[in-house]
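*Asks:* coordinates for the following, if possible.
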Amino acid sequence: MFDIKTNENGEVVLSGRFDGAQAEKAKAIFDRVTVTTAVDFKDLAYISSAGLGVLMATQKRLSEKGHKLKLKNASGHIREIFKIARFDLIFEIE
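*Replies:* Residues are numbered from 1 along each chain as shown. As a prediction, the model looks like this:
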């Protein structure tokens, strides 16, 4: 199960398993992000390379306009995935 929504603070909130089957659903939400935005990983259990790709495409698009994604509340497992992929050098992770 995967869920993605925007909360009352304008943050994107992810929960469940973000894999290839969910990439289009996530892309539809991230395509609406136009300014620096926090992404809350608190309830995210898993992210695949497809999920990483959606985040990377969004980060690239935003950085061209001087904005970015700020990732927060990532579990140790998710942080390790970002470190292995060297995405910790690209994303601000709180």
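*Asks:* off-centre distance for the helix or strand hosting Glu24?
*Replies:* Glu24 is part of helix 23-30 when elements are defined by DSSP states H and E. Helix 23-30 has its C-alpha centroid displaced from the chain centroid by 10 Å (CA atoms, centre = their mean, to the nearest Å).
*Asks:* could I get the full set of helices for this protein?
*Replies:* 23-30, 49-63, 76-84 (DSSP state H).
*Asks:* out of the ones you listed, the one nearest Asp40 is which?
*Replies:* Among the helices of the chain, helix 76-84 comes nearest to Asp40, with 11.6 Å by CB to CB. Where C-beta positions appear, they are placed from N, C-alpha and C, glycine not excepted.
*Asks:* just the angle for that closest one relative to helix 49-63, thanks.
*Replies:* 70 degrees (axes from the mean of the first three to the mean of the last three CA atoms, to 10 degrees).
*Asks:* what is helix 76-84 packed up against?
*Replies:* strand 37-47 (3 or more CB pairs under 8 Å, 6 or more residues apart in numbering; DSSP states H and E).
*Asks:* can you list the strands that the strand it packs on pairs with?
*Replies:* Paired neighbours of strand 37-47 in the sheet (DSSP bridges): strand 12-18 (parallel), strand 69-72 (parallel).
*Asks:* go through those strands and pick out the most buried.
*Replies:* Across the strands paired with strand 37-47, the average number of neighbours (mean count of other CB atoms under 10 Å) peaks for strand 12-18, which reaches a mean of 20.
*Asks:* can you tell me the centre-most residue of the protein?
*Replies:* Note on the chain: the residue nearest the mean C-alpha position is Leu55, at 4.7 Å, using CA atoms, centre = their mean.
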